[in-house]
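J.: Return atomic coordinates for the entry below.
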Amino acid sequence: MTNTFKPIRTLCASTCTVALLSHTALADEAKEDYGLLEEVIVTAQKREASMQDTPISITALTGDMMDSIGIRTIEDFTFFVPGITVTNDSMAIVNIRGIGTSAFGVATDPSSTVQIDGVYQPRPTTGYQDMFDIERVELLRGPQGVLFGRNSTGGTLNIVSKAPSDELEGTVGVTIGNYNKRTFSGTMSGPLSDNVRGRLTLLKNDRDGIYTDALTDDTYQDQNTFAGRATLVMDLADDFELILRGDFSREREAGSLAIRTTPYPQAFADAGATLPTQDDVIALDTKPVANLDVWGMSATATWDGENYTFKSITSYRESDIEQVLDVDGTDLFLFNIGFQEKSQSFSQEIQLSNNNPEKLEWIVGAFFLNEDGDGGIDLLFQDPQIVISESNVTNAYALFGQGTYSLTDRLRATVGLRYSYEKKSYNFGTLVNGTEVDNGAPKADWRAWTPRFAIDYDINNDVLAYISATKGFKSGGFQLGDAGAFDPEFLWSYEAGIKSTLLDKRLRANIGVFQYDYTNLQVVEFVGGVATTTNAGKAKIKGIESEFVARIAEGFDVNLTLAYLDAKYTNFFEGGEDFSGNRLANSPKWAYSLGAQYSTEMDFGGRLTVRGDYAWRDNVDFNRNNLPQFRADTYSLLNARLSYTTEDENWEVSLYGQNLTNNRYATYITSARDINGGADANVSSAVYGEPRQYGIQLRRNF
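T.: Presented below is the predicted three-dimensional model:
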């Protein structure tokens, strides 16, 4: 026990030291008016509230914050938000506190979910998209068993887009950078009539690839995106609002690559393979393809009465993905994969809540999802050639409710409960060299009750303490490849934390500790190019996370995040092996980030802002056996930004740099291929993060 919690004591000491240092630095200037830290409003409990008054573990970033830090996609959250890891391995693999899934197929679901404007995003293959025209992003850590319940065992990214403005305004932006990066965006927003407001944003993002083919000079891992979002807000009555939203994204890219991390065996040279000697050079026999078309629309109707608020969120989404991967990473035809996936989903959520409660604040609701998906995977060796097709229909139903009762002026108790019922109807067929060898149509359904209990207490007007116990549930499914069924996973999460805003709102210090007890944890492994999902008997995850933001002087802010994570299997036997005691995938033991921003008025007019961010992450394992060849080394990233805004705020020009030290870091590692195309556990290949990028951005506001 002593050894287990020694790192946590060290972290507590470190965070307390930082808080004290910040306290001392600010106390010396306590009588100076440096302004207040920006208050962030969130909807993590499906009501608008200050982040500091919301008794759950949450990090929220506004769109302006993300611009200044350099967050462009959800993968960038990995470096500057504690507790999250996002990997772009042909889809968005979101891990929160070590919980996520890299499985693909229409009968599998993400463990850490994404919600956009209140709409659940069912396919992880559509999650890796450009972040644009965003009001804020909220990272809710831990199981969201009640209010965001569907399969959110790890947590939820709650993304909120910008709403139409009351006055006519617009923005045009251009970014030019290395790798021939070219980004153009434009927004128009304002009233269309006395009771109607609209907003339209379009984005075109292009970049050359960062890897060059030694034989063809083709480049891979490029960017080619055209996306847009439109919002229409109609005030149908004084107390009735209707919001219509639509979005689309079209990508045509040569996708992410698996690059060998170990030397090519001599057999490849003997067979005549071209063996690259530079990190950014590769030789392939098949050009990678990553095509994505996704679009959706939703209607949010809100009736805000004197005593009650009723909300309805109706959505429809479609996605179409096509991918081609040269898995062996050579110009020999050894093993290629083709992956296809189409999804159509309809969801409906209704909520009823009370307004201006004296003692009891409550919300009740219902949720329904229907998703119809089909696709498959082609496993292309020289011989055999295997084609696996699949289709699945998911119907998910839920009833939920949560109430918070004020026991005293400072003490509140919260109880929530969700009932979930999910059913999947799966079909598959397998062809080997054109001959069907297997098929089937299994079905399964699951039920779960997921409660939440919490107490929060105002120590004073600026310090909130909370403690909670929450149950999480993720339904089972069927894996693409062999139609093997896997069971649902469950966990109990126990958490305690303190949120504080000190020194006349110039220091924000939030610290939380947690422990998860998992049963039937769904564990994903890649075998023969196909993701297989099995259930670990038990797993335990515990850790501590802290975030600090301080206004040191006028125009000078600093921030620090620090996280410790201990995530291990406690009972896991599979294939005659015992993985008990091994670390979970994508679970860095330590991670921290530091940032500083200084802004000052210039003598000739306008404002100059300088910002720097540094992030460090511990090594992580990507295989349940914890073998060193499947372990990523520690790495750090350094970003910087210099911006000038004119006095009338109509023009802004910025110089930016990301990964300025050009560190090469692995975001995913799996088995490489031998000369016969088979998986070789003795060698590995990796997906690497983005190299150094820099450029200039120009924005015109009007």
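
J.: Tell me the pLDDT of the closest residue to residue 585 other than its chain neighbours.
T.: Closest residue in space to residue 585, ignoring its immediate chain neighbours: residue 622 at 5.2 Å, by C-beta to C-beta, 6 or more residues apart in numbering. To be clear about C-beta, it is placed using only N, CA and C from the backbone, and glycine gets the same treatment. pLDDT for residue 622: 88.

J.: ditto for residue 535
T.: With respect to pLDDT, residue 535 has a value of 87.

J.: I figured it hits residue 521, correct?
T.: Yes - at 6.7 Å, residue 535 counts as touching residue 521 under the criterion of C-beta atoms under 8 Å.

J.: who touches both of these two?
T.: residue 489 (C-beta atoms under 8 Å, 6 or more residues apart in numbering).

J.: quick one on the thing from earlier: what's near enough to touch the residue nearest to residue 585?
T.: By C-beta under 8 Å, 6+ apart, the residues touching residue 622 are 585-586, 630-632, 668-670.

J.: Scan those and report the most crowded one.
T.: residue 585 (27 neighbours; other C-beta atoms under 10 Å).

J.: which residues touch that residue?
T.: 95, 98, 102, 523-524, 620-624.

J.: Please give the element, helix or strand, for it.
T.: Using DSSP states H and E, residue 585 sits in no helix or strand.

J.: List phi and psi for it.
T.: Backbone torsions of residue 585, given as degrees, to the nearest 10, read phi -70, psi 150.

J.: Near residue 641, how many other residues are there?
T.: Residue 641 has 20 neighbouring residues, counting by other C-beta under 10 Å.

J.: Which of the helices or strands spans it?
T.: Here residue 641 sits within strand 635-645, counting by DSSP H and E.

J.: Remind me what the helix or strand following that strand packs against, helices and strands.
T.: For strand 635-645, the following helix or strand on the C-terminal side (DSSP H and E) is strand 651-658. With contacts defined as 3 or more C-beta pairs under 8 Å, 6 or more residues apart in numbering; DSSP states H and E, strand 651-658 has these neighbours: strand 635-645, strand 693-701.

J.: In this model residue 219 seems to touch residue 213, though I could be wrong.
T.: Yes - using C-beta under 8 Å, residue 213 is in contact with residue 219, at 7.4 Å.

J.: in the sheet, who's paired with the residue nearest the centre of the chain?
T.: A centroid search over the chain (C-alpha atoms, centre = their mean) returns residue 94, at 4.7 Å, as the residue closest to the centre. Bridge pairing for residue 94 (DSSP bridges) gives the partners residue 86.

J.: Point out the ones among the contacts of residue 585 that are inside strands.
T.: 95, 523-524, 620-621 (DSSP state E).

J.: Stretch 284-303: which residues count as buried?
T.: Buried positions in stretch 284-303, judged by neighbour count with 16 or more other C-beta atoms under 10 Å: 284-286, 288, 290-298, 300-301, 303.

J.: Pull the contacting residues for residue 218.
T.: By C-beta under 8 Å, 6+ apart, residue 218 lies in contact with 209, 212, 254, 287.

J.: Now with 10 Å, please.
T.: Taking C-beta atoms under 10 Å, 6 or more residues apart in numbering as the criterion, residue 218 is in contact with 209, 211-212, 254, 282, 284, 287-288.

J.: Right, I'll call it a day here.
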